[in-house]
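# no sequence for this one, just the structure:
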């Protein structure tokens with residue numbers, strides 16, 4: 001502690017005195033006496049005449065030459081005044097300016113051009129407050145991407161567009177009035193998973209493996225067309241969907257292939273091949289339900305089943321496909337074989353054979369009657385020629401006789417005569433002429449109600465009987 005003139009005290013214990021004396025001696029030697037009551041007779045304090053004391057209280061009548069190192073001229077008087085500041089002269093702030101300044105939010109900037117309303121179609125969107133927020137939301141299949149760093153928005157089509165009037169390119173389009181390109185997606189590569197009901201009332205195209213369509217090569221394209229919803233019931237209708245497969249016979253080339261199938265519900269029927277000019281030669285004639293009306297060489301294929309049609313009238317070289325030529329001739333081979341049932345295991349049940357310009361067949365039966373040849377029935381006459389026309393027929397026998405028939409002649413009235421000409425004129429004589437009316441036989445000679453005036457070219461028929469008009473027929477024999 002510092003020096004204390006009051007120690008040792010008069011009334012303290014003797015034992016304590018030596019310590020106080022030694023401390024005062026040390027303080028006089030080592031410390032300064034800093035706690036004097038006055039300095040030059042002036043006490044320390046804050047009153048006028050005191051040595052100024054720095055204790056937070058104002059010192060009265062203190063007259064300092066400088067303040068914080070500055071002369072008095074550096075400071076303004078307490079009652080000094082300034083004019084209000086203008087845009088060109090500094091001064092005090094007015095009350096009006098202070099009010100405006102207090103109304104500016106922290107961080108506010110100078111006003112810029114801005115829209116107070118946003119018009120969307122026929123709807124006007126108006127800001128509800130100075131800090132209102134306009135929210136931009138993407139509609140169906142429209143995405144909005146915000147870029148806060150570059151302060152921009154990006155709008156994009158996202159997913160399936162239900163309807164578009166025009167599209168240059170569409171990965172998937174539900175309805176397109178016009179499209180330059182329809183993409184063919186690469187999915188599971190299976191035609192069978194595109195069921196009749198997968199895409200109802202639509203057409204789709206898919207990239208598939210050739211093994212799922214039965215075509216050659218590695219890959220194929222499939223068009224699936226569902227004109228309805230792919231189902232059927234008696235009340236709402238509906239019907240089949242269809243698949244058309246595009247392929248090639250071999251990898252990276254070969255002939256093009258087309259296959260088609262239909263189906264309904266959750267399954268497809270078997271594929272059917274569409275025959276082209278490249279594949280018709282490998283098809284059997286009975287492969288199709290109908291071969292059509294045109295001859296084989298009238299289409300694009302030169303052969304059918306590997307065989308060409310026979311188109312020459314002579315020198316036929318089999319095997320070939322017979323057909324009726326423009327001359328009316330059909331070329332046939334040596335044999336014509338007949339079978340009584342399919343897959344009977346026989347070479348033939350009956351055969352017609354061409355031998356030395358004649359047709360041979362061991363036995364022939366017509367209407368249950370066996371046909372006999374001249375060598376089987378000796379001395380028997382047979383027909384050598386015949387012909388027919390409107391309401392007449394004639395035939396010539398091997399013995400030279402000629403028979404002629406006429407019918408549906410007339411009508412002829414009572415007591416009338418008609419001349420009848422033979423369709424084939426007899427050469428030497430007339431053996432017989434008989435006439436038959438519609439309901440009755442009237443005569444067989446030149447008598448009443450019969451044929452008269454016979455000649456090689458004809459006869460006269462006179463109708464004498466009662467009964468009015470009648471039709472008649474005749475039978476004539478001669479040579």
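That came through fine. What you see is a predicted model, and the numbers here were worked out from it, not measured in a lab.

# where does pLDDT dip in the stretch 201-350 of the chain?
Along the stretch 201-350 of the chain, the model assigns pLDDT under 70 to residues 233-238, 281-303, 305, 310-317.

# which stretches in it count as strands?
Assigned by DSSP state E, counting those that start in this stretch, the strands in the stretch 201-350 of the chain fall at 202-209, 216-226, 241-250, 253-264, 267-268, 272-274, 335-338, 350-355.

# who touches the fourth one?
Contacts to strand 253-264, defined as Cβ atoms under 8 Å, 6 or more residues apart in numbering, come from residues 195-196, 213-217, 230-232, 238-249, 268-274, 276, 278-279. Where you see a C-beta, it was placed from the backbone N, CA and C, and this is true even at glycine.

# now the strands of the stretch 201-350 of the chain in JSON lines, with distance to residue 415 and mean neighbour count?
Shown next, in JSON lines, are these (distance: least, Cβ to Cβ, whole Å; neighbours: other Cβ atoms under 10 Å):
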{"stretch": "strand 202-209", "distance to residue 415": "85", "mean neighbour count": "17"}
{"stretch": "strand 216-226", "distance to residue 415": "81", "mean neighbour count": "19"}
{"stretch": "strand 241-250", "distance to residue 415": "79", "mean neighbour count": "19"}
{"stretch": "strand 253-264", "distance to residue 415": "77", "mean neighbour count": "16"}
{"stretch": "strand 267-268", "distance to residue 415": "84", "mean neighbour count": "14"}
{"stretch": "strand 272-274", "distance to residue 415": "76", "mean neighbour count": "13"}
{"stretch": "strand 335-338", "distance to residue 415": "59", "mean neighbour count": "12"}
{"stretch": "strand 350-355", "distance to residue 415": "57", "mean neighbour count": "13"}
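
# would a markdown table of those with distance to residue 51 be doable?
Shown next, in a markdown table, are the strands of the stretch 201-350 of the chain (distance: least, Cβ to Cβ, whole Å):
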| stretch | distance to residue 51 |
| --- | --- |
| strand 202-209 | 107 |
| strand 216-226 | 112 |
| strand 241-250 | 116 |
| strand 253-264 | 119 |
| strand 267-268 | 118 |
| strand 272-274 | 127 |
| strand 335-338 | 158 |
| strand 350-355 | 163 |
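
# is it true that residue 349 touches residue 339?
Yes. Under the criterion of Cβ atoms under 8 Å, residue 349 is in contact with residue 339, at a separation of 5.3 Å.

# all helices for this structure, in order.
Using DSSP state H, the helices found in the chain span residues 17-30, 95-102.

# quickly, which of those bottoms out on average pLDDT?
Of all those, mean pLDDT reaches its minimum on helix 17-30 (a mean of 83).

# flag every buried residue along that helix.
Across helix 17-30, burial judged by 16 or more other Cβ atoms under 10 Å covers 23-24.

# which other residues reach it?
1-5, 7-9, 12, 33.

# recalculate using a threshold of 6 Å.
2-3, 7-8 (Cβ atoms under 6 Å, 6 or more residues apart in numbering).

# redo the residues you listed as JSON lines? Include pLDDT, distance to residue 360 and neighbour count.
Below are those laid out as JSON lines (pLDDT from 0 to 100; distance: Cβ to Cβ, whole Å; neighbours: other Cβ atoms under 10 Å):
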{"residue": "2", "pLDDT": "71", "distance to residue 360": "169", "neighbour count": "12"}
{"residue": "3", "pLDDT": "77", "distance to residue 360": "174", "neighbour count": "17"}
{"residue": "7", "pLDDT": "83", "distance to residue 360": "177", "neighbour count": "15"}
{"residue": "8", "pLDDT": "86", "distance to residue 360": "180", "neighbour count": "17"}
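
# so which of those comes closest to residue 106?
For the contacts of helix 17-30, the residue nearest residue 106 by Cβ to Cβ is residue 2; the value is 55.9 Å.

# and the gap between that closest one and residue 122?
Look at residue 2 and residue 122: by Cβ to Cβ, to the nearest Å, they are 95 Å apart.

# repeat for residue 341
The gap separating residue 341 from residue 122 is 83 Å, by Cβ to Cβ.

# neighbour-wise, which of those two wins?
Taking neighbours as other Cβ atoms under 10 Å, residue 341 and residue 122 compare with residue 341 leading, 8 against 5.

# for that one, what are its contacts?
Contacts of residue 341 (Cβ under 6 Å, 6+ apart): none.

# go on, the one 5 residues further on?
Neighbouring residues of residue 346 by Cβ under 6 Å, 6+ apart: there are none.

# run the last query once more with 8 Å
residue 339.

# pLDDT wise, what is residue 429 at?
Looking at residue 429, its pLDDT is 92.

# where does it fall, phi/psi-wise?
The phi/psi pair for residue 429 (degrees, to the nearest 10) reads phi -160, psi 160.

# surely it touches residue 479?
Yes. Contact criterion Cβ under 8 Å: residue 429 and residue 479 qualify, at 5.7 Å.

# who has more neighbours out of the two?
residue 479 (15 against 9).

# quick one: the residue nearest to the more buried one when sequence neighbours are not counted from residue 392, how far?
Of all residues not flanking residue 479 in the chain, residue 428 sits nearest, at 4.9 Å (Cβ to Cβ, 6 or more residues apart in numbering). From residue 428 across to residue 392, the span is 21 Å (Cβ to Cβ).

# repeat that for residue 411.
For residue 411, the distance to residue 392 - Cβ to Cβ - is 17 Å.

# more crowded one of the two?
Taking neighbours as other Cβ under 10 Å, residue 411 and residue 392 compare with residue 392 leading, 18 against 14.

# list the beta-bridge partners for the more buried one.
In this entry, residue 392 is beta-bridged to residue 389, residue 406, by DSSP bridges.

# same check, this time on the one 4 residues further on
For residue 396, the residues forming beta bridges with it (DSSP bridges) are residue 385, residue 402.

# just list the residues touching it, thanks.
Contacts of residue 396 by Cβ under 8 Å, 6+ apart are 383-386, 402-403.

# could you redo the last one with a cut-off of 7 Å?
383-385, 402 (Cβ atoms under 7 Å, 6 or more residues apart in numbering).
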